[in-house]
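1. any chance you could fold what I've pasted below:
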Amino acid sequence: MSSEHNPADAAGAPLVEARGVRKAFGKREVLRGVGLSVARGETAVLFGPSGSGKTTFLRCLNVLERADAGTLRIGDETVDLRHASKAQVLSLRRKTAMVFQHYNLFLNLTALENVTEGLITARSVPRAEAVERAVEALRQVGMADRLEARPWQLSGGQQQRVGIARALAVNPELILFDEPTSALDPEKVGEILSLMRSVAKSGVTMIVVTHEMEFAYDAATRAVFIEGGEIVEQGEPRQVFGSPREERTRRFLSRFTSARRPEYFI
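-> Residues are numbered from 1 along each chain as shown. Below is the predicted model of the structure:
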């Protein structure tokens, strides 16, 4: 199946549109011309086997990795991902936020300072406004009582809440989530997934890389299966999980439908 096929295209101009994204590390081609369109307010969940290119794709969208080819449009701005200037990269990053699997908090800063830091230094938000926005974002994620706590005083789940608050505080057009529960203890995974469901319901546009299939089924508006650096199949979660069209998708999902709640994806 072509990586450029995208059912969202029929719905009108999407908020986010990546085209022909390619990336190789040495001789290993990780992304093979991936294209993805995401409508405003949509939650697109990317899933697939380890090494399929999911995280690399996210990092190329935020120019944390420089793609070898491809374009990205957010709103009315289109950028060549390989040749983007520093000004273009900064402009893209002002429209996006990223939540990392390992939190990426500054260990010497409090929760409040971790959220205000990017607002003040990268976005030139006045300090008073930055604090106000940070306090509200931390309240949204249930961390209003831990404003002065440092990361080493917080559990993994609490640190990830701060990471999500940091993303929300910049009022991005798009939030990228890279395996946001993979570093958490199992009992904390559900808390973060519940929080992400709330964020999705608030209308924030999200692209989420995850291995949590039930979250993908419940919270996504579109499920996207990636394997071998290509988008193999995408569509509404009920269709992709319940009646996948591609054999590669069926083969990957069989491990979940046979081992965990076989009735879930019906």
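
2. list the buried residues in the helix or strand bottoming out on mean pLDDT in the chain.
-> Ranked by mean pLDDT, DSSP states H and E, the weakest helix or strand in the chain is helix 247-259, scoring a mean of 81. Residues of helix 247-259 classed as buried under the neighbour-count rule (16 or more other CB atoms under 10 Å) are 248-249, 252-253, 256-257. (Glycine included, C-beta is placed from N, CA and C.)

3. so what does that helix touch, helix or strand wise?
-> Counting contacts by 3 or more CB pairs under 8 Å, 6 or more residues apart in numbering; DSSP states H and E, helix 247-259 packs against strand 222-227, strand 230-235, helix 237-242.

4. which helix in this protein runs the most residues?
-> Counting residues, the longest helix found in the chain (DSSP state H) is helix 186-201.

5. now do whichever helix or strand comes after it: which elements does it pack against?
-> For helix 186-201, the following helix or strand on the C-terminal side (DSSP states H and E) is strand 206-209. Applying 3+ CB pairs under 8 Å, 6+ apart, one finds that strand 206-209 makes contact with strand 43-47, helix 54-61, strand 174-178, helix 186-201.

6. just say helix, strand or coil for the spatially closest residue to residue 94 that is not a sequence neighbour.
-> Computed as CB to CB, 6 or more residues apart in numbering, the closest residue to residue 94 that is not its neighbour in sequence is residue 123, at 6.7 Å. Under DSSP: H, G, I helix; E, B strand; the rest coil, residue 123 falls in the coil class.

7. is it true that residue 123 touches residue 170?
-> Yes. With contacts counted by CB atoms under 8 Å, residue 123 reaches residue 170, the gap being 6.5 Å.

8. who touches both of those two?
-> Common neighbours of residue 123 and residue 170 (criterion: CB atoms under 8 Å, 6 or more residues apart in numbering): residue 94.

9. phi and psi next, for the residue nearest to residue 94.
-> Main-chain torsions, residue 123, degrees, to the nearest 10: phi -120, psi 0.
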